[in-house]
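A.B. asks: What follows is a protein structure lacking sequence information:
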């Protein structure tokens, strides 16, 4: 299952990230997972929100540059080697990983990570055929 991820460019100025999160909060948009990578001048906030199309439009109207890409939400055993198991399956099937990040809260005894891969559909097929549980947006929102 593919999950739509929102990516937002955020200037590296004091309070700019707070401005962004205030806009989301004011519009009752909940962040389910997030990561931010920075450079000298700006950062890229990648996050999972329930309705990324609406959130992206709201942020664009507020002057942010935002876009949508797709990631795979993967369940891991929350123990040593859990991440390795998933990454080895992908590597063994020649699927490159661009980046990963975790959700804000785990589900029961499992961790949930977002994986951006080169070939999402192949990754979904390979992971599910190897018994790896994937999450839909509805499941992440519970």
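C.D. replies: Good, I have the coordinates. Quick caveat: nothing in here was measured; it's all calculated off a predicted structure.

A.B. asks: what does the helix or strand bottoming out on mean pLDDT in the chain contact?
C.D. replies: Here the helix or strand of the chain ranked lowest by mean pLDDT, DSSP states H and E is helix 137-140, holding a mean of 79. Contact partners of helix 137-140, identified using C-beta atoms under 8 Å, 6 or more residues apart in numbering, comprise 3, 4, 32, 33, 48, 50, 73, 103, 112. The C-beta positions use only the backbone N, C-alpha and C, and glycine is treated the same way.

A.B. asks: what is the fifth one paired to in the beta sheet?
C.D. replies: Spelled out, it's residue 48. On the basis of DSSP bridges, residue 48 is bridged to residue 33.

A.B. asks: In contact with it, which residues are there?
C.D. replies: 3-6, 31-34, 71, 73, 103, 114, 137, 140.

A.B. asks: do the same with the fourth one
C.D. replies: Remark: with contacts taken as C-beta under 8 Å, 6+ apart, residue 33 is in contact with 47, 48, 101, 102, 103, 104, 112, 114, 140.

A.B. asks: before we move on, the earlier item: which one of the contacts of residue 48 is nearest to residue 57?
C.D. replies: Checking the contacts of residue 48 against residue 57 with C-beta to C-beta, the nearest one is residue 6 at 10.5 Å.

A.B. asks: Which strand or helix spans the closest one?
C.D. replies: Element membership for residue 6, per DSSP states H and E: strand 2-11.

A.B. asks: Packing partners of whichever helix or strand comes after that strand?
C.D. replies: As assigned by DSSP H and E, the chain's next helix or strand after strand 2-11 is helix 16-26. The contact analysis (3 or more C-beta pairs under 8 Å, 6 or more residues apart in numbering; DSSP states H and E) places helix 16-26 against strand 2-11, strand 42-48, helix 52-61.

A.B. asks: Now find how far off-centre helix 16-26 is within its chain.
C.D. replies: Taking C-alpha atoms, centre = their mean, to the nearest Å, one finds helix 16-26 lying 18 Å from the centre of the chain it belongs to.

A.B. asks: same deal with stretch 6-18?
C.D. replies: 17 Å.

A.B. asks: Next up, the contacts around residue 101.
C.D. replies: Residues near residue 101 by C-beta under 8 Å, 6+ apart: 33, 34, 35, 46, 113, 114.
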